[in-house]
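Q: no letters, just coordinates:
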């Protein structure tokens, strides 16, 4: 039996495994090999690694984890979880593993507006976070395809960065096509707009069913409910990364830095809770 099994091999899960391993607790990290940022070529807004690819970040993290004897990493998807504090069971294609505690870091799945051509550029010329992708369009015209007041907020955030912005509802765009200098937006009224890139809003849902299988509380945001230290509503189950939200925080921060921080807190909590009376 492991002290902790971490499900998810993104930044939160990798950081949690490192934190637990440094305390010489046995930890098994199970990585499905599927990532929310799989289409992103360069990650940004991460100190000392600005511009590095997410794949490189994962490779470096795994190399660092290999230095810890109590940390084991496997690339295999999890199919089911069950149990309770002190004896959780995690089922994979290789069999069943057991742990005293679980850490969920399985991430979210993005559902884009149904505009033809938009998904093909997701993570490259189409993004949703100005902090992570805005600077790359500096001095150029961008499109903002978002419904409601959120469009105006993104436009105001980007004013010091871009030359101009074209705002439209996703339903007003018939197709998005890649061109030499960016994207061409074909509008439903027959006109077109050329932009360097597009910002849009994706609806996020849980990528994996494990929080539901364990009975973890879920917030209106769709995120698994955690406290400030990464504890879910189920004793012995922790969560981190973009899948987990703190109820008191207005909205989740979707960034590598935030995921790493939440993974560190959840990993530390799993160790500390194990020794508390």
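A: It's in. From a predicted model like this one, the values you see are computed outputs, not experimental measurements.
Q: contacting residues for residue 107?
A: Residue 107 makes contacts with 8, 10, 35, 36, 207, 208, 241, 242, 243, as judged by C-beta atoms under 8 Å, 6 or more residues apart in numbering. Placement of C-beta: from N, CA and C, glycine included.
Q: tell me, what's the model's pLDDT at it?
A: Looking at residue 107, its pLDDT reads 94.
Q: who does the longest strand along the chain pair up with?
A: Looking across the chain with DSSP state E, the single longest strand is strand 95-104. With DSSP bridges as the test, strand 95-104 is paired with strand 2-7 (parallel), strand 87-92 (antiparallel), strand 237-239 (parallel).
Q: for the record, mean pLDDT for that strand?
A: pLDDT averaged over strand 95-104 gives 98.
Q: which parts of that strand are buried?
A: 97, 99, 100, 101, 102, 103, 104 (16 or more other C-beta atoms under 10 Å).
Q: so the third one versus residue 133, what's the distance?
A: Taking C-beta to C-beta, to the nearest Å as the criterion, residue 100 is separated from residue 133 by 40 Å.
Q: got the contact list for residue 246?
A: By C-beta under 8 Å, 6+ apart, the neighbours of residue 246 are 225, 226, 227, 228.
Q: what's it sitting at in phi/psi?
A: Residue 246 has phi and psi values of phi -90, psi 130 when expressed as degrees, to the nearest 10.
Q: hey, what's it bridged with?
A: residue 226.
Q: output the contacts of residue 246 as CSV; include the columns distance to residue 60.
A: CSV is the format used below for those (distance: C-beta to C-beta, whole Å):
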residue, distance to residue 60
225, 31
226, 27
227, 30
228, 28
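Q: need those residues in CSV (columns: pLDDT).
A: Shown next, in CSV, are those (pLDDT from 0 to 100):
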residue, pLDDT
225, 95
226, 96
227, 95
228, 92
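Q: my read is that residue 240 contacts residue 269, right?
A: No. Using C-beta atoms under 8 Å, residue 240 is not in contact with residue 269; the gap is 9.6 Å.
Q: give me the common contacts of these two.
A: residue 230.
Q: and those two? Which one has more around it.
A: residue 240 (31 against 23; other C-beta atoms under 10 Å).
Q: out of the strands paired with strand 95-104, which one sits most buried?
A: strand 237-239 (a mean of 29; mean count of other C-beta atoms under 10 Å).
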